[in-house]
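**Student:** Compute the structure for the input listed below.
(one chain, ligands or ions: 2)
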Amino acid sequence: PETEKPEAGKERNCGGGGDHSRIMVFVRLRPMAKREREAGSRCCVRIANRRDVYLTEFGNENDYLRLKRLRGRHFAFDASFPDSATQQEVYSATTAELVEAVLQGRNGSVFCYGATGAGKTYTMLGTVENPGVMVLAIKDLFTKIRQRSCDGNHVVHLSYLEVYNETVRDLLSPGRPLILREDKQGIVAAGLTQYRAYSTDEPGNGTAFHGNQNRTTEPTRVNETSSRSHAILQVVVEYRVKDAAMNVVNRVGKLSLIDLAGSERALATDQRTLRSIEGANINRSLLALSSCINALVEGKRHIPYRNSKLTQLLKDSLGGSCNTVMIANISPSNLSFGETQNTLHWADRAKQIRAKACEVNEETLQVPESEADQAKLLLELQKEN
Ligand code: ADP
Ligand code: MG
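**Tutor:** Ligands and ions are numbered 1, 2, ... in the order given. Got it, this is the predicted structure:
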């Protein structure tokens, strides 16, 4: 047999050593909730080998064995987390590598997808006792920066925004809606607060939790906050280094952590259904995200990023030169069987996206001519920091 040739882009390593030439897709099952148990729920999901997910409507032991051969009932992901998985385990397996890549000047994004109540906000933000991906990523980022010798050289900024009803709001400084503008870095929200974070200020935890209190709450459904709003926390790391040719370069890495709106009303995976419900003005951003993912899966040249605020904001974080991670959150209850099945189908489809190799965002500032120039530059750099 022929020897296997490495796929283009595969040998290009993004950060911590994983193969990120495609989107990484994970599933997280949450524990059964009290109200689900009280409603007589049975568990309809089984996770095996930290990879396979089996779905059965009745939770019968023998069903799982037969399901192996049933289409649409057995899925496999990069990793599947059972309900016993800790926040730290989820962070380490899904996001830690992206934090490493961001420190090398690459972009990365992590999405939590799933129906309302499936555990997206718990995974992303978590609680004060059990902080989630957003908080653990910021903590880990500062730990990694401290471990590097040129500690003082890194500048970290946080921003946190919400897309609700096609309106963009600053969660760190609530007020008037923000306008999206195109500049040379891409599409940006004009006037968005850039909070400078330091390793000493209880690493930005405060920022994430405080910002979350400003999320739009759902007026029509009691006890369910922010089920239709998307929250995006962006962590931007900027620093200067000397490259192999002794040029001073500015590197910028951006990590986007996204808690998506509940997917229950926007689960269509084909374009025709998508368009018909779009008319009903159901979460346009989530539909647009599905459209972009479909277009990326189908290898289309035109990706309809312009169709919503969310996809405009995430243009450089989806399928482009970026490490992308999807975490699909699911409930174990058979009462949510349909939603869980839809979420798993969506995640299964996202697996097929092939992203371009991830690039380093780097800008050469000055090319030193002589040794004396180099020494001068180094001195200036130290002074600046
Ligand atoms: P979503 O953001 O998807 O609507 P939440 O994250 O708010 O869902 O989760 C719904 C409820 O389930 C919350 O009370 C949350 O604390 C709890 N929950 C979710 N995932 C877990 C988990 N892995 N372990 C413990 N409790 C969880
Ligand atoms: Mg939520």
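
**Student:** mind listing what the residue of the chain found nearest ligand 2 touches?
**Tutor:** In the chain, the residue that lies nearest ligand 2 is Thr121 (3.2 Å; Cβ to the ion). From N, CA and C alone the C-beta is placed, and that goes for glycine too. Counting by Cβ atoms under 8 Å, 6 or more residues apart in numbering, Thr121 touches Cys112, Gly132, Asn212, Ser226, Asp259.

**Student:** Of all the residues in stretch 140-155, which ones are buried?
**Tutor:** Within stretch 140-155, the residues scored as buried using 16 or more other Cβ atoms under 10 Å are Asp140, Leu141, Phe142, Lys144, Ile145, Asn153, His154.

**Student:** Can you point out the buried residues in stretch 328-342?
**Tutor:** 328-337, 339-342.

**Student:** Next: stretch 112-120.
**Tutor:** Result for stretch 112-120 [16+ other Cβ under 10 Å]: buried residues Cys112, Tyr113, Gly114, Ala115, Thr116, Gly117, Ala118, Gly119, Lys120.

**Student:** Run a quick neighbour tally on the residue nearest to the fifth one when sequence neighbours are not counted.
**Tutor:** Beyond its immediate neighbours in the sequence, the residue positioned closest to Thr116 (Cβ to Cβ, 6 or more residues apart in numbering) is Gly262, lying 3.3 Å away. If you count neighbours by other Cβ atoms under 10 Å, Gly262 ends up with 23.

**Student:** for Gly262, what are its contacts?
**Tutor:** Gly114, Ala115, Thr116, Gly117, Ala118, Lys120, Ser227, Arg228.

**Student:** which residue ranges form the strands in the stretch 101-250 of the chain?
**Tutor:** Secondary structure of the stretch 101-250 of the chain by DSSP state E, counting those that start in this stretch: the strands cover 107-113, 155-164, 167-170, 180-183, 186-189, 195-197, 230-242, 248-259.

**Student:** want to try a markdown table for those strands, with distance to ligand 2 as columns?
**Tutor:** A markdown table is the format used below for the strands of the stretch 101-250 of the chain (distance: least, Cβ to the ion, whole Å):
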| stretch | distance to ligand 2 |
| --- | --- |
| strand 107-113 | 8 |
| strand 155-164 | 12 |
| strand 167-170 | 16 |
| strand 180-183 | 24 |
| strand 186-189 | 21 |
| strand 195-197 | 22 |
| strand 230-242 | 8 |
| strand 248-259 | 6 |
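
**Student:** Can you say which of the ones you listed is packed in most?
**Tutor:** Neighbour counts (mean count of other Cβ atoms under 10 Å) averaged over each of the strands of the stretch 101-250 of the chain peak at strand 107-113, with a mean of 26.

**Student:** List the neighbours of it that are in contact with it.
**Tutor:** Taking Cβ under 8 Å, 6+ apart as the rule, strand 107-113 contacts 15, 94-95, 98-99, 101-102, 120-121, 123-124, 133, 253-260, 263, 314, 316-318, 320-329, 343, 346-347, 358, 361.

**Student:** so what strands line up beside that strand?
**Tutor:** strand 248-259 (parallel), strand 322-330 (parallel) (DSSP bridges).

**Student:** That strand vs strand 230-242, what angle?
**Tutor:** 160 degrees (axes from the mean of the first three to the mean of the last three Cα atoms, to 10 degrees).

**Student:** just how off-centre is strand 107-113 within its chain?
**Tutor:** 1 Å (Cα atoms, centre = their mean, to the nearest Å).

**Student:** picking that back up, can you name the two of the buried residues of stretch 140-155 that sit furthest apart?
**Tutor:** Asp140 and Asn153 (18.2 Å; Cβ to Cβ).

**Student:** so where's the stretch 201-350 of the chain shaky on pLDDT?
**Tutor:** Counting by pLDDT under 70, the stretch 201-350 of the chain contains low-confidence residues at 201-208, 216-226, 265-282, 319-322.

**Student:** Point out the residues in it that sit beside ligand 1.
**Tutor:** Ser227, Gly262, Asn329 (Cβ under 6 Å from any ligand atom).

**Student:** who are the neighbours in contact with Lys120?
**Tutor:** Lys120 neighbours (Cβ under 8 Å, 6+ apart): Cys112, Tyr113, Gly114, Asp259, Leu260, Gly262, Asn329.

**Student:** wait, the fifth one sits on His230?
**Tutor:** What that stands for is Leu260. Yes - counting by Cβ atoms under 8 Å, Leu260 does reach His230; the two are 5.3 Å apart.

**Student:** Find residues that contact each of those two.
**Tutor:** The contact lists of Leu260 and His230 share Leu286, where a contact means Cβ under 8 Å, 6+ apart.

**Student:** check contacts around Tyr160.
**Tutor:** Counted by Cβ under 8 Å, 6+ apart, Tyr160 has contacts Asp170, Leu171, Leu172, Thr193, Thr207, Ala208, Gly211, Ala231, Ile232, Leu233, Gln234.

**Student:** how about the nearest residue to Ala96, chain neighbours excluded?
**Tutor:** Ala96 sits nearest to Asp140 (Cβ to Cβ, 6+ apart), 6.3 Å away.

**Student:** could you check the distance from that neighbour over to Val99?
**Tutor:** 5 Å (Cβ to Cβ, to the nearest Å).

**Student:** Model confidence at the residue nearest to Glu264 when sequence neighbours are not counted, what's the number?
**Tutor:** Nearest residue to Glu264 in three dimensions, chain neighbours excluded: Ala115, at 4.5 Å (Cβ to Cβ, 6+ apart). Looking at Ala115, its pLDDT stands at 92.

**Student:** correct me, but Ala115 touches Ser333?
**Tutor:** No - counting by Cβ under 8 Å, Ala115 stays clear of Ser333, with 11.0 Å between them.

**Student:** ok, which stretches of the stretch 1-150 of the chain are helices?
**Tutor:** With helices called from DSSP state H, counting those that start in this stretch, the stretch 1-150 of the chain shows them at 34-38, 61-67, 87-94, 96-102, 120-124, 133-147.
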